[in-house]
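Asker: Turn this into a model:
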Amino acid sequence: MPEVHTDVYPVAIGAQQVELPLIQVAPDRAISLLMTIDRGVGFMERAGVELAALLAPTHPEVIASAATLGIPVAIEVSRALGLDDYVILQKTPKVHLGDALSEPVQSVTTPTPQRLLLDRSRVPVLAGRRVALVDDVVATGSSLRAGLALLRAAGAHIVGVGLLLSEGVAWQRELGEDASMVRALGRIPGFQRVPEGWAEDWTGE
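Answerer: Model prediction:
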């Protein structure tokens, strides 16, 4: 029988133990929510060091991520790898992004469709270089797929994907062959409604 939870889900993110709040996203479904911007400097520094260790064998020259929750991940992984620059894919169409490279994306935590945007002025940082894409959590895989497409459109050579957490398994189908590049510090299930609370669902459907 799957384990049942009510308010929080305990999980190991590398060497760190945290409790993530369970947030309902549909009448019969919930997720355990990791907000990197609420976890503090010390948590993200340690997670960044551990994630950098997983990615180091791929010898990345540039770290990329998506706004907003991926920004602290990119900063700390870059710092741990001794890299001075990183590239952030945007979701807000600011004035300087009028001619940006773009890819559609649908996030499980955002009800409306979005677009990932890559500032064309950042393309030279990526073109022909070894790039690792990092983020907080992968669920459906849509955001990672869009990010990888944008980076490749900029001429990047993708060498790895690093995550704090992977959720379920649906993302593996979405990413296809790219799923083999994913390295994560921990795993979480989705959750299905049951009379006692929320039951773990590792299918990710």
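
Asker: Please make it C-alpha for all contacts and neighbour counts, starting now.
Answerer: Fine.

Asker: ranges for the strands of the chain?
Answerer: Taking DSSP state E, the strands of the chain run over residues 4-5, 8-13, 16-26, 29-32, 62-66, 86-89, 101-105, 114-118, 130-138, 157-167, 182-184, 187-188, 190-194, 197-201.

Asker: Make JSON lines from these and add mean pLDDT and mean neighbour count to it.
Answerer: Formatted as JSON lines, those follow (pLDDT from 0 to 100; neighbours: other CA atoms under 10 Å):
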{"stretch": "strand 4-5", "mean pLDDT": "96", "mean neighbour count": "17"}
{"stretch": "strand 8-13", "mean pLDDT": "98", "mean neighbour count": "17"}
{"stretch": "strand 16-26", "mean pLDDT": "97", "mean neighbour count": "15"}
{"stretch": "strand 29-32", "mean pLDDT": "96", "mean neighbour count": "21"}
{"stretch": "strand 62-66", "mean pLDDT": "98", "mean neighbour count": "26"}
{"stretch": "strand 86-89", "mean pLDDT": "97", "mean neighbour count": "22"}
{"stretch": "strand 101-105", "mean pLDDT": "88", "mean neighbour count": "18"}
{"stretch": "strand 114-118", "mean pLDDT": "91", "mean neighbour count": "22"}
{"stretch": "strand 130-138", "mean pLDDT": "98", "mean neighbour count": "26"}
{"stretch": "strand 157-167", "mean pLDDT": "98", "mean neighbour count": "23"}
{"stretch": "strand 182-184", "mean pLDDT": "98", "mean neighbour count": "20"}
{"stretch": "strand 187-188", "mean pLDDT": "98", "mean neighbour count": "22"}
{"stretch": "strand 190-194", "mean pLDDT": "96", "mean neighbour count": "21"}
{"stretch": "strand 197-201", "mean pLDDT": "97", "mean neighbour count": "20"}
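
Asker: of all these, which lies closest to residue 176?
Answerer: Set against residue 176 and scored by CA to CA, these come closest in strand 182-184, at 11.1 Å.

Asker: Now do that closest one: which elements does it pack against?
Answerer: helix 41-55, strand 157-167 (3 or more CA pairs under 8 Å, 6 or more residues apart in numbering; DSSP states H and E).

Asker: neighbouring contacts of stretch 114-133?
Answerer: With contacts defined as CA atoms under 8 Å, 6 or more residues apart in numbering, stretch 114-133 is touched by 55, 59-66, 87-93, 96-97, 99-106, 146-148, 150-151, 154-162.

Asker: let's go with 6 Å and repeat that
Answerer: 60-65, 89-91, 97, 100-105, 154-161 (CA atoms under 6 Å, 6 or more residues apart in numbering).

Asker: residues contacting the residue nearest in space to the middle of the chain?
Answerer: Ranked by distance to the mean C-alpha position of the chain (CA atoms, centre = their mean), the top residue is residue 135 at 2.7 Å. Residues in contact with residue 135 (CA under 6 Å, 6+ apart) are 65, 70, 163.
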